[in-house]
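>>> Next input, structure requested:
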Amino acid sequence: MNDLYRALASVFPKDRITDDEVVLAGYAADSAIAPGSATFPSYAVLPKTTEEITHLLQIADRFRVPVTPMARGSNIAGMTVPVQGGIMADLRLMNRIIEINEDGAYAVIEPGVTFHDLYKELKKAGFFCHLPTAAGG
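I've put the predicted structure just below:
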């Protein structure tokens, strides 16, 4: 176990941090990047709170490693594929709809909220939400 892993393990429980190559392979490509042509991250973590994100970024800064964020993995242009290894921040567990403001006609959501989940909640409030055809979830 190296110092970077120990630092990450001080923030994230074991079930939300991995260096398993099989799991990391899933973060090394998307539909635009051929599997095997991208760099694997060294670790993947699954934050649940903004506080955990803050700690993650502090650790990454201290160890001088890049962090690549990914919400649901529906990108198709390589934007969430790491190019230098580092840490993959898989944000799918940050999936709360914080606010639907009917007067201002906006919603405050976390990055792991799917379009489908947002659509269901907006529909309950009497709103319509266009679902992009390329989106995941």
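
>>> Only C-alpha atoms from now on, for both contacts and neighbour counts.
Noted.

>>> Check for me that residue 61 belongs to a helix.
Yes - counting by DSSP: H, G, I helix; E, B strand; the rest coil, residue 61 is located in a helix.

>>> where along the protein do the strands fall?
17-18, 43-45, 67-70, 87-90, 97-101, 106-109 (DSSP state E).

>>> List the strands paired with the last one, with their directions.
Translated: strand 106-109. strand 97-101 (antiparallel) (DSSP bridges).

>>> Ok, the third one next?
Strand 67-70 has the following sheet partners, assigned by DSSP bridges: strand 87-90 (parallel).

>>> for the partner strand, the distance to its chain's centre please.
6 Å (CA atoms, centre = their mean, to the nearest Å).

>>> Contacts for it, please.
27, 41-47, 60, 65-72, 82 (CA atoms under 8 Å, 6 or more residues apart in numbering).

>>> and with 6 Å instead?
Outside strand 87-90, the residues within contact range by CA atoms under 6 Å, 6 or more residues apart in numbering are 41-46, 67-71.

>>> Out of those, which one has the weakest pLDDT?
Ranked by pLDDT, these bottom out at residue 71 (82).

>>> Would you check that it makes contact with residue 91?
Yes - between residue 71 and residue 91 there is a contact under CA atoms under 6 Å: 4.6 Å.

>>> what's the overlap in contacts for these two?
residue 112.

>>> how many neighbours does residue 103 have?
6 (other CA atoms under 10 Å).

>>> quick one: it from residue 12, how far?
38 Å (CA to CA, to the nearest Å).

>>> residues contacting the residue lying closest to residue 49 once chain neighbours are set aside?
What sits nearest to residue 49 in space, not counting adjacent residues and going by CA to CA, 6 or more residues apart in numbering, is residue 94, at 6.7 Å. Shown in contact with residue 94 (CA under 6 Å, 6+ apart): 48, 110, 112.
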